[in-house]
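S.K.: the amino acid sequence is not available; the structure is as follows:
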């Protein structure tokens, strides 16, 4: 009886050990698969997630504007639908927040290059701390803001060339550009504010590498769509303004020419009438 009991105990223990080994093997297999998936996503991100302008096959300005407006409304809706507390209100009011998540001045100072930002992104695995997520977002968002300001500089140069080509006065050019620059500056501030608010709502939940990657890609698409929309909108407005200036100048020259012709004809008519009167006067005297 005792031997049977011992045999059963040994078999039970052996089965238990086999079960543990089986579970461990399955766990290791799943872990390897998970690592492979994450690394594959990482490689995909390094291929497609670079800080370059995405290829948006949109040639029609109206469709581009509609896409940018739709994306902006979607982000604004997410922000407005999420309940805020007093701390959130302090963060958003006047943008008075200093070095959040324990960041240092050194971590947020300077401008990172495209390559440096991508290296930071590729160094993230599994979970990402709010501090690292913010540092990444901060430099990424600054990079995108710089892209927007570069677009403004390009527009200014293009408008100067157009004004020179179509004979627009410097005073009129400055007046038109002032309105353009004012509108674009407001758009830049609004974009930055929307992106920052979206980030703070994003980090309310635990940040995973894949979700952070997706968030940053959405930020890039959001910025580039708005940049393209504003670039096409204002280039069209400024080009038309320059052409209108040339058309107006041409019309003024034509009007001036017509006035001169009328004056010449009137002078000729008056001269002819005067000669006729002189001729009649001479005939009467004779």
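M.R.: Cool, the structure landed. These figures come from a predicted structure and were not determined experimentally. Numbering: from 1, shown residues only.

S.K.: what segments of the stretch 101-250 of the chain are helices?
M.R.: Under the criterion DSSP state H, counting those that start in this stretch, the stretch 101-250 of the chain contains helices at 105-108, 114-122, 130-165, 170-202, 209-285.

S.K.: need those in a markdown table with mean pLDDT, distance to residue 98 and mean neighbour count, can you?
M.R.: The way it works is simple: take the backbone N, C-alpha and C, and place the C-beta from them, glycine included. As requested, those are exported to a markdown table (pLDDT from 0 to 100; distance: least, CB to CB, whole Å; neighbours: other CB atoms under 10 Å):
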| stretch | mean pLDDT | distance to residue 98 | mean neighbour count |
| --- | --- | --- | --- |
| helix 105-108 | 88 | 10 | 11 |
| helix 114-122 | 85 | 22 | 15 |
| helix 130-165 | 94 | 12 | 17 |
| helix 170-202 | 94 | 13 | 15 |
| helix 209-285 | 74 | 22 | 14 |
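
S.K.: residues touching residue 141, list them.
M.R.: Shown in contact with residue 141 (CB atoms under 8 Å, 6 or more residues apart in numbering): 192, 195, 196, 199, 219.

S.K.: out of the helices of the stretch 101-250 of the chain, which is closest to residue 99?
M.R.: Closest to residue 99 of these, according to CB to CB: helix 105-108, at 7.0 Å.

S.K.: what's near enough to touch residue 155?
M.R.: By CB under 8 Å, 6+ apart, residue 155 lies in contact with 180, 184, 231, 234, 235, 238.

S.K.: distance of it from residue 234?
M.R.: Going from residue 155 to residue 234 by CB to CB, to the nearest Å gives 6 Å.

S.K.: residue 136 now?
M.R.: When residue 136 is compared with residue 234 (using CB to CB), they lie 31 Å apart.

S.K.: what sits against the closest residue to residue 121 other than its chain neighbours?
M.R.: Sequence neighbours aside, residue 136 is the residue nearest to residue 121 in space, at 6.4 Å (criterion: CB to CB, 6 or more residues apart in numbering). Residue 136 is in contact with 117, 120, 121, 124, 128, 212, 216, counting by CB under 8 Å, 6+ apart.

S.K.: out of these, who's nearest residue 107?
M.R.: residue 120 (10.6 Å).

S.K.: that closest one contacts residue 135, doesn't it?
M.R.: Yes - taking contacts as CB atoms under 8 Å, residue 120 lies within contact range of residue 135: 7.4 Å.

S.K.: go ahead and confirm residue 133 touches residue 203.
M.R.: Yes - the pair residue 133 / residue 203 is scored as a contact, 5.9 Å apart, by CB under 8 Å.

S.K.: biggest separation within the contacts of residue 136, which pair?
M.R.: Greatest spacing in the contacts of residue 136, by CB to CB: 117 and 128 (14.3 Å).

S.K.: can you name the residues that contact the residue lying closest to residue 172 once chain neighbours are set aside?
M.R.: Excluding its sequence neighbours, the residue lying closest to residue 172 (CB to CB, 6+ apart) is residue 245, at 6.7 Å. Shown in contact with residue 245 (CB under 8 Å, 6+ apart): 163, 166, 167, 168, 172.

S.K.: could you do residue 216 as well?
M.R.: Applying CB under 8 Å, 6+ apart, the residues near residue 216 are 49, 121, 136, 137, 140.

S.K.: ok, back up a step: and the residue nearest to residue 121, how far from residue 183?
M.R.: 30 Å.

S.K.: and for residue 153?
M.R.: The spacing between residue 153 and residue 183, counted by CB to CB, is 15 Å.
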